[in-house]
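Q: Below are the sequence and a predicted model; questions follow.
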Amino acid sequence: MLDRHITLAHGNGGHFMRELIEEVFARHLVNPRLDLDADAATLSWPDTGSELMMTTDGFTVQPLEFPGGDIGMLAVHGTVNDLAVSGAVPRYLSLNVFAEEGLEIAQLERIVVSLAAAAREVGVAVVAGDTKVVRRGEGGGLYLATTGIGARPRSLSLGISLIEPSDAILVSGPIGAHGVAVLLAREQFGLRGDLQSDAASVLPLTLALREFDGLRFMRDPTRGGLATVMHDIARVRNIGIRLEQAAIPVAEPVRAVCEILGYDPYYLACEGRVVAVIAASEAQAALRKWRALPQGRDAALIGHVDSSVARVVLATELGGARYLEELEDDPLPRIC
């Protein structure tokens with residue numbers, strides 16, 4: 001029978017570690033490819049017309065459970081989304097767990113149940129993993145690290161280098177909700193609210209745009225938010241970006257918290273949004289595709305690539321303009 005809390009023995013490779021893996025991880029991550037007695041997983045790949053895509057990520061969010069999600073589902077969605085915006089369909093995940101001595105087994109199990117549900121929903125299998133335990137006070141309760149593998153059609157080409165002047169910039173929904181939801185969950189500023197994180201798989205959104213020949217680039221605006229994605233484009237392509245403040249969707253609770261605490265929503269993390277750059281001639285058709293999906297009903301065309309400006313410029317609602325500077329400090333550490 002499992003203890004109520006993680007101990008160092010749960011990471012020593014012996015009986016207690018085996019029991020933890022079998023009773024918490026394997027029991028919920030049920031799939032025939034998860035072989036607890038093997039050192040590597042054998043993966044089948046039936047579609048020879050595809051190329052393999054791989055990504056890796058780490059998750060340190062605090063608190064571990066927050067309105068609209070937890071570190072388990074965040075790990076699945078974060079990894080899947082990196083593959084999805086690259087044009088791939090995710091297939092397999094690995095999971096590395098770094099648990100701190102004293103973590104409640106009940107909380108760990110809730111997180112694993114959530115992780116498993118997210119994986120089933122997206123259609124990915126967790127096929128390999130590892131578990132380590134660190135001493136009390138040496139970790140944040142629980143860290144997760146993942147690797148994801150997916151398949152992308154060989155005919156699909158995406159990347160910042162393909163972006164052209166006058167291309168349109170789309171966002172799939174309101175920005176900054178994840179960052180503010182986690183901030184409120186920390187209760188550091190005496191603020192509370194019912195805002196939910198936007199954490200979700202963006203795969204339906206990315207699949208909807210793959211049919212457009214003018215699709216250049218997709219990115220999920222996580223750490224650093226929308227502004228950081230824009231700066232990545234401007235830096236790599238050595239070209240300007242002009243955004244329209246009035247067009248960028250920001251939920252009222254997010255806007256209110258930012259005004260009270262002095263945060264800028266353009267720099268806050270999203271975990272269920274896509275920024276896409278597409279030929280201007282196809283932008284409206286792409287918007288209609290997104291708005292037909294539940295997750296994209298508030299999608300918007302927020303600006304254009306603009307060779308007449310040298311930086312990332314935000315045209316304000318009052319008719320002026322300001323530069324969105326590149327992010328230096330992390331406004332909300334341990335957000336994902």
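A: Good, I have the coordinates. Numbering: from 1, shown residues only.
Q: going forward, measure contacts and count neighbours with C-alpha atoms only.
A: Will do.
Q: can you tell me how far the residue positioned nearest the centre of the chain sits from residue 270?
A: Central residue of the chain (CA atoms, centre = their mean): residue 78, 3.4 Å from the mean position. Remark: distance between residue 78 and residue 270 (CA to CA, to the nearest Å) = 10 Å.
Q: Not counting its neighbours along the chain, what's nearest the residue nearest to the centre of the chain?
A: residue 271 (6.8 Å; CA to CA, 6 or more residues apart in numbering).
Q: OK, contacts around that neighbour?
A: Contact analysis of residue 271 by CA atoms under 8 Å, 6 or more residues apart in numbering lists 74, 77-78, 178, 197-200, 220-222.
Q: so when I look at it, I'm seeing a strand, right?
A: No - Residue 271: not assigned to a strand; according to DSSP: H, G, I helix; E, B strand; the rest coil it is coil.
Q: Let me know the pLDDT of it.
A: Per-residue pLDDT puts residue 271 at 96.
Q: what's the answer for the one 5 residues further on, then?
A: pLDDT, residue 276: 98.
Q: Which strand residues bridge it?
A: residue 170, residue 218 (DSSP bridges).
Q: Am I right that it is in contact with residue 219?
A: Yes - under the criterion of CA atoms under 8 Å, residue 276 makes contact with residue 219 at 6.6 Å.
Q: hang on, isn't residue 168 packed against residue 300?
A: No - judged on CA under 8 Å, residue 168 makes no contact with residue 300 at a distance of 10.5 Å.
Q: neighbour count winner among the two?
A: Using other CA atoms under 10 Å, the more surrounded residue of residue 168 and residue 300 is residue 168, with 27 against 23.
Q: Following element in sequence after the helix or strand that contains residue 313, please.
A: For residue 313, the host element (DSSP states H and E) is strand 312-315. Next along the chain after strand 312-315, taking DSSP H and E as the criterion, comes strand 321-323.
Q: Tell me the strands beside that following strand, with direction?
A: Under the rule (DSSP bridges), strand 321-323 has strand 312-315 (antiparallel) as partners.
Q: how far out from the middle of the chain is the strand it pairs with?
A: 25 Å (CA atoms, centre = their mean, to the nearest Å).
Q: So which bits of stretch 124-132 are buried?
A: 124-129, 131-132 (16 or more other CA atoms under 10 Å).
Q: In the lengthiest helix in the chain, which residues are buried?
A: Secondary structure of the chain per DSSP state H: the longest helix is helix 105-122. Applying a neighbour-count criterion of 16+ other CA under 10 Å, one finds 105, 108-109, 111-119, 122 buried in helix 105-122.
Q: got it, and stretch 234-253?
A: Applying 16+ other CA under 10 Å to stretch 234-253 flags 234, 237, 239-245, 247-250 as buried.
Q: Which pair in those residues has the greatest spatial separation?
A: 237 and 250 (27.1 Å; CA to CA).
Q: The closest residue to residue 323 other than its chain neighbours: what's it in contact with?
A: Nearest residue to residue 323, sequence neighbours excluded (CA to CA, 6+ apart): residue 313, at 4.6 Å. Residues in contact with residue 313 (CA under 8 Å, 6+ apart) are 240-243, 321-324.
Q: Give me the distance between residue 313 and residue 331.
A: Taking CA to CA, one finds residue 313 at 21 Å from residue 331.
Q: I figured residue 199 was touching residue 71, is that so?
A: No - using CA under 8 Å, residue 199 is not in contact with residue 71; the gap is 10.3 Å.
Q: Between these two, point out the one with more neighbours.
A: Neighbour count, other CA under 10 Å: between residue 199 and residue 71, residue 71 has more, with 26 against 20.
Q: picking up where we left off before, of all the buried residues of stretch 234-253, which comes closest to residue 156?
A: Once CA to CA is applied, the member of the buried residues of stretch 234-253 that ends up nearest residue 156 is residue 237, at 20.2 Å.
Q: can you pull the pLDDT of the closest one?
A: Looking at residue 237, the pLDDT reads 92.
Q: quick one, phi psi at it?
A: phi -90, psi -10 (degrees, to the nearest 10).
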